[in-house]
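Undergrad: A structural model of the following input is requested.
(5 chains, ligands or ions: 4)
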Amino acid sequence: MIEIDNVSKWYGSFQVLTDCSTTIQQGEVVVVCGPSGSGKSTLIKTVNALEPIQQGDIRVAGQSITAKGTNLPQLRAKVGMVFQNFELFPHLSVTENLTLAQTNVLGRNPTDATARGLKMLDRVGLLAHKDKFPGQLSGGQQQRVAIARALSMDPIAMLFDEPTSALDPEMVGEVLDVMVQLAQEGMTMMCVTHEMGFARKVSHRVIFMDAGRIVEDCPKDDFFGRPDARSPRAREFLSKILAH
Amino acid sequence: MIEIDNVSKWYGSFQVLTDCSTTIQQGEVVVVCGPSGSGKSTLIKTVNALEPIQQGDIRVAGQSITAKGTNLPQLRAKVGMVFQNFELFPHLSVTENLTLAQTNVLGRNPTDATARGLKMLDRVGLLAHKDKFPGQLSGGQQQRVAIARALSMDPIAMLFDEPTSALDPEMVGEVLDVMVQLAQEGMTMMCVTHEMGFARKVSHRVIFMDAGRIVEDCPKDDFFGRPDARSPRAREFLSKILAH
Amino acid sequence: MNLDFGFVTAEYLTVFVLKGLGFSLLLTLVAMVGGIALGTVLALMRLSKQPVLSWPAAGYVNLMRSVPLVMVILWFFLLLPSGVYQQIGGQWADDNKVAISAFITFTCFEAAYYSEIIRAGIQSVPQGQSQAGAALGMRPSQTMRLVVLPQAFRNMLPVLLTQTIILFQDTSLVYAIGASDLLHAFDYARTNLGRSIEGNLLAAAVYFAICFSLSLAVRQLQKRIQVIR
Amino acid sequence: MSADWWQSQRELWCKDTVELTVIEGCMGKAPGVQTYLDMLLSAWGWTVAVAGIGMAVALVVGSLVGVARTTPMRGLVLLGDAWTELFRNVPLIVQLFLWFFVVPEFVPLLKQAPSVALAGVGLGFFTSARISEQVRAGIQSIPKGQWHAGLAIGLSLPQTYRHVLLPVAFRVVIPPLTSECMNVVKNSAVAFAVSVAELTLIAKQVGEETSQHTAVYAVVTLLYFVTAFSVYLLASGIAKAVQVPGVAGGGGR
Amino acid sequence: NTSDTLKKIKDSGAVTMGVRESSGALSFTLGDGKFAGYHVEVCDKVLRVVQKQLGLTQLTVRYQPVTSQNRIPLVQNGNVDIECGSTTNNATRQKDVAFAVTTFVEEVRIAVKANSGITSINQLNGKTVATTTGTTSVQTLRRHERANGVDFKEILGKDHADSFLLLESGRADAFVMDSQILAGAIAKSKKPSDFKIVGETLSVEPIAIVFRKDDPAFKKAVDDAIVGLMKSGELAKMYDKWFVQPIPPTQTSLNLPASVATKAAWASPNDKPMEDYAKK
Ligand SMILES: Nc1ncnc2c1ncn2[C@@H]1O[C@H](COP(=O)(O)OP(=O)(O)OP(=O)(O)O)[C@@H](O)[C@H]1O
Ligand SMILES: Nc1ncnc2c1ncn2[C@@H]1O[C@H](COP(=O)(O)OP(=O)(O)OP(=O)(O)O)[C@@H](O)[C@H]1O
Ligand SMILES: [Mg+2]
Ligand SMILES: [Mg+2]
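TA: Ligands and ions are numbered 1, 2, ... in the order given. Presented below is the predicted three-dimensional model:
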């Protein structure tokens, strides 16, 4: 489904990603973790070409993102993305947030788009809030709307970039619940997150990054169950994050 | 040491605090928790009169913060405070951040102030960074400098307002370590935090707030050990926060 | 100081003050609409990564901002040959040369100021917003139109309107090309009726009343916007 | 530029203003002898003087008023608001007229004040209203946590302003202040209305005497541009010099 | 040919007249796009003659307010066809535009407060003298200083109204300007008897109507029409109407009968520049 193939990326002379390779199968849930600045966000954004790459290639459903003929907007529309800061459009109501891209990108008619959007809104348990503006919702609610917005586009895979780290601790649960359900229904997912509980519960594989490299890429049971087989950096990270 | 006596506070017609009372003894460590918007930050800021109160009284080391004659700057100088967003002064170097109040408020001469500041900086393990600017430090480092800044004033008590919630998960540990050490050395502390590990480890008492009221105020062993004795709201909160 | 406001007759008010006010308001309106439109284009050019677009825009904006408006007004009027007006709007334009020259000048001049405000407004929209638009499959132009600009304009509305109040005051500079704006009405009392001090006191009062009301309205709007946010 | 062009400029500017003959060296040396170049340079000097006084007054008064409007003191806020509304809602040319012809009727001492000073101060007050808005916005853009942090370590309110808020706020408002200072240079052109022999007035006069309005205005426009742009360069230099490492845009967070 | 004004007028059926907002009784606005004054009326008469000559049933006259800075360029670039303001005919300007025969001869004089005791320019040594920016009087004053070794403190008003206010408010001791401007300002002031016009004539300037250069046909048409007015005595009547009788908008009168020099210009029509007057 998603093939990341020897990807390198630079900001000016500063290399953010070095020879990153991995493959995500259909229906697979992969968690990406690692210290701050290690390149997790950058890697996940290269998948739908929000960040251009200078070397290597990425294929989504067989389509290369670097090939000349690729229609990037079309490809992005097929891949849902959820951001750390929700990034709902504050000037639009919840329903308008859900339908904007459906009508403008997929060319759906407003009735269909609204029907689809509200179905997804119901799925994340927020149908009652359809006419509110993002600013009137709590962080947890906003993030659930953001997930519904991505799902309205009928994506073939979903990317999450620290979806819970801007939330009050009390609200982390409600967002994770939605993500767990998605995973269990077989959605292909790539999640940058430090919620190790989530990783333990539903992920198939864990990728650990450090300084722009993929240092570990192994089944979750290996990652959590066999610390001695891990690199020192990954062990240190895990111990820090699980300590308190 | 800190006596909070029937405090109420309004923003316009909106009541943020309702009849809050509690007393913190010398050397006691009290953790304040509760849902977002419940008034935790407001309560802690009333202690050093950063937020004025409209009803009730607060006494710090016997001195009323509402009394006419009270010299508020002097009183504040005796109480250290650490903020969620660090609030170091971005235009001053680390050393200048540490000495600004010592020289301007306590009237220490620059040499003494620097000596004292650097001693505290050493204590939080950052002596090597003394000439940097805040913008050049990681979040965890900035928060440790902020603690050192407060300690340089030789406070009789310390207030913490969610000191770790703006930090990357990896850096939470280094800040908590400093706080644990402080607590163990007998500092009087009032901490708003959701780090239940910290609360379990070093606090003497836990205060739970909801909608501007102190709903629970009990020894930590009761708080964590006897959920059935807790109010439903506190139980729900605890379960949500400890779930993932 | 003995003051004589005897010249303030109904005729004076209609022929001079209202007419002048009408022209000032029209000029303000035209320059605001045109200036914001042109300013948006300039701002987008300046924010573009293409030097062929950003450099000319930056040059234009800095030039306009470094030259007194009076000079710009004079230059436009002197350098625009009389044939141009026929081209723009035939006979009508020929009859209204001064007004048209003022419209063009103020639009071009104010565009430089508006573009700076709009640029700041666009930059005030977090980058995550355009990324979110792109991630949903929108083309850059769609993201700009549907996501970024609506927010940018909402954020900068108060500043845009404040600039418009300044623009309203600046319309008085059209005296340089013989157009009759609001200030001209009071200047008439000064130059042709021998009532200098009275004319200026009246001007101060009228301008203050108008601009202060506008600025109160802007403040009200600002409060409303803050609530929505 | 072609030799012809230089020749025509020489004939325009190097003329004695009375005899109308071109003078060797282009500037009058004998007492009382003056060329148009002399007139132009002295006019530029007056422009710089008016703009300089204007900037100084505007920055000082504007900052004070701006600060006053952010304090918790109701009276100060009201006073600051009134000042700002009063001076920004009346066209500059009308304000200068009032300073020159009306206010002195009530404050006779002002009748002795030189036009440059009146024009500079009037221009300064006018601009101070706009600067006060920017300074206020700059201070209010500082997160509330910074106020709290300053007070929490025991600084008094004035000390918090002095050591915490203002240093950051000023870095934040340097770009809009630069703009305002450039505006002061350009607006100084209005000083001709109160008889200061600055560039605009001299342009009008020399244009009339030589019948070469276009050439004269071209040179004067260029001088304004150079003056305003120097202000811009100076301000950019200051902005760079006070930039704090690790903080984008020189301040704030 | 761009400078064939007659053809342009004939083709378009319209003519643009340059007028002044406030040039004393010569040319001034009444508001609402209406203009009046001695030169405006002269031009109106001239244009009627031109209309008849061209056989036009209708001629639209557009007024274009001009200032002393832009009047010459506007005539040159075709935005104004005939300027009827208060333009002094001098040699430099003759290089750029053409002048009709002189219709008014201006004398530069001094206005002072009636109680000041000043009666001559020589009493102004060391005193503050106001005059208006962008006028030839500034030059006149400068010349006078150099020639007679006196020293004035010059102060330049933005326009005539401001210059007069400088005198009125005491910031200046005298106001040196065209006598018709001085007479107008005094007549409109709150207390005309407080001021008076004194002293010698400092300079004499022919004032005339302006149009494009190198257009002999148009010049001839205008000149002939004006000379006709002079010969029939109509011009003298018009002069009287504007300079002796009460005039709008204030219905005050200038009380300024035609000077010897003006009458001489009517008697022998000519378009000699100011420099020729000084030689005499
Ligand atoms: N636009 C940019 N220009 C230059 N450097 C950048 C840019 N964006 C990111 N970087 C740098 O690239 C590196 C990787 O950034 P990235 O955001 O991918 O890290 P991350 O692993 O997501 O960290 P975090 O956990 O803090 O989100 C960092 O060192 C960052 O400073
Ligand atoms: N300046 C203010 N004006 C009006 N209401 C305010 C103001 N500051 C805070 N509030 C309101 O007061 C209530 C309590 O705020 P407070 O910041 O004390 O909550 P908190 O418990 O610290 O929440 P969090 O966990 O999000 O920090 C909230 O409902 C908040 O919206
Ligand atoms: Mg990231
Ligand atoms: Mg809080």
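Undergrad: contacts and neighbour counts: CA atoms only from here.
TA: Will do.
Undergrad: list phi and psi for D:Cys26.
TA: When quoted as degrees, to the nearest 10, the phi and psi of D:Cys26 stand at phi 70, psi -10.
Undergrad: need the contact list for it.
TA: D:Cys26 makes contact with D:Arg10, D:Trp13, D:Cys14, D:Lys15, D:Thr35, D:Leu37 under the criterion C-alpha atoms under 8 Å, 6 or more residues apart in numbering or on different chains.
Undergrad: please report how far the second one lies from chain B.
TA: When you say that, I think you mean D:Trp13. Remark: distance between D:Trp13 and chain B (C-alpha to the nearest C-alpha, to the nearest Å) = 51 Å.
Undergrad: who's in contact with that residue?
TA: Contacts of D:Trp13 (C-alpha under 8 Å, 6+ apart): D:Cys26, D:Thr35, D:Tyr36, D:Leu37.
Undergrad: show me what contacts the closest residue to E:Ser193 other than its chain neighbours?
TA: Leaving aside its sequence neighbours, E:Ser193 sits nearest to E:Ala114 (C-alpha to C-alpha, 6 or more residues apart in numbering or on different chains; 7.2 Å). By C-alpha under 8 Å, 6+ apart, E:Ala114 lies in contact with E:Ser193, E:Asp194, E:Phe195, E:Lys196.
Undergrad: tell me, how many residues neighbour C:Ala135?
TA: The number of residues packed near C:Ala135 is 28, by other C-alpha atoms under 10 Å in any protein chain shown.
Undergrad: again with C:Arg145
TA: 12.
Undergrad: who touches residue 101 in this structure?
TA: Just going to use chain A. A:Met153, C:Leu136, C:Gly137, C:Met138.
Undergrad: ah, no, chain D please
TA: Listed by C-alpha under 8 Å, 6+ apart, the contact partners of D:Phe101 are C:Ile197, E:Ser169.
Undergrad: still on that earlier bit, if you rank the contacts of A:Ala101 by neighbours, which is first?
TA: Greatest neighbour count in the contacts of A:Ala101, by other C-alpha under 10 Å, goes to C:Leu136: 30 neighbours.
Undergrad: test my guess that that one contacts A:Ala77.
TA: Yes: checked against C-alpha atoms under 8 Å, the pair C:Leu136 and A:Ala77 is within contact range at 5.0 Å.
Undergrad: what sits in contact with each of these two?
TA: Shared contacts of C:Leu136 and A:Ala77, defined by C-alpha under 8 Å, 6+ apart, are found at A:Val105, A:Met153.
Undergrad: what comes into contact with the helix or strand of chain C with the lowest mean pLDDT?
TA: One helix or strand of chain C scores below all others by mean pLDDT, DSSP states H and E: helix C:82-95, with a mean of 72. Identification of contacts with helix C:82-95 by C-alpha under 8 Å, 6+ apart yields C:Lys97, C:Ile100, E:Arg62, E:Asn77, E:Gly78, E:Asn79.
Undergrad: same thing but 7 Å
TA: C:Lys97, C:Ile100, E:Asn77, E:Gly78, E:Asn79 (C-alpha atoms under 7 Å, 6 or more residues apart in numbering or on different chains).
Undergrad: okay, now residue 127: neighbour count?
TA: Looking at chain A here, since you left the chain open. 17.
Undergrad: looking at chain D here, not the other one
TA: The burial count assigned to D:Thr127 is 27, neighbours taken as other C-alpha under 10 Å.
Undergrad: sounds good, over and out.
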